[in-house]
Each structure stands twice: as C-alpha cells, then as structure tokens.
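Student: next come a sequence and a model predicted from it.
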Amino acid sequence: MQHAYFQAGGKVLPRTSEQQMATLPRVPLSQLHAGDLIFFHNASHVAISDGHGGFVHAPDTGHVVAVVQNWQSNPYWASSVDGAARPPA
C-alpha cells in the first residue's frame, strides 16, 4: 500500500494497515471516494476503494491483485469490514 500511494503522487502512509487505520482520518463507508482505504479483519487487511462500490486488493502475498465489485453486498466482506480512512491529498 505504501509503495502504491508513493508512486501515485508521493504520498507517504504509515507502514502497516493497523497504523493506517489508527492515524488516517476516518470516513463513513457511505462516503467512500476512489483512493480511500477500506480495512477488514481487525485492520489486518486493507483495500483501495474504486469509488463505485468496489475495491482493489492483494488477496495474499504472492497472489495477483484482485478487484471486488459490490463488496458491501457480499456477506464475507460486509461482515469483516472495520471502517475506512482517507489518505492525505
């Protein structure tokens, strides 16, 4: 996550998803914008919102980056979401 945001515009984020969730400004799930971070599983997993009800994430180390559409309608993702945050502009 850090590398992606740095490459996209020089944004520096905290290193871990737990640190990101603890320090970045929170945003309601109903107000997600493209680029917002969505945290799952006690903040042990983070995804990037596409701003249209989906997100991009790396499922596991070594796996291809995946896109999930309509995640809030998916029982697995909806039941494990912890919140969202907006990285600095």
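Tutor: Here it is on my side, so go on.
Student: now the strand or helix carrying Ala8: average pLDDT?
Tutor: Assigned by DSSP states H and E, Ala8 falls within helix 2-9. On average, the pLDDT along helix 2-9 is 68.
Student: equivalent analysis for stretch 21-34, please.
Tutor: Throughout stretch 21-34, pLDDT has a mean value of 96.
Student: kindly check the end-to-end length of it for me.
Tutor: End-to-end distance for stretch 21-34, by C-alpha to C-alpha, to the nearest Å: 17 Å.
Student: show me what counts as buried in it.
Tutor: Of all the residues in stretch 21-34, those buried under the rule 16 or more other C-beta atoms under 10 Å are 21, 24, 27, 32. Any C-beta I mention is one placed from the backbone N, CA and C, and that applies to glycine too.
Student: neighbours of the closest residue to the second one other than its chain neighbours, just the number please.
Tutor: Think Leu24. Take Leu24 and drop its neighbours on the chain: the residue closest to it by C-beta to C-beta, 6 or more residues apart in numbering is Ala85, 3.7 Å away. By the measure other C-beta atoms under 10 Å, the count of residues near Ala85 is 20.
Student: how about the helices in the protein?
Tutor: For the chain, helices defined by DSSP state H occupy the ranges 2-9, 17-23, 75-80.
Student: what does the shortest one rub up against?
Tutor: The one in question is helix 75-80. Contact partners of helix 75-80, identified using C-beta atoms under 8 Å, 6 or more residues apart in numbering, comprise 40-41, 68, 71-72.
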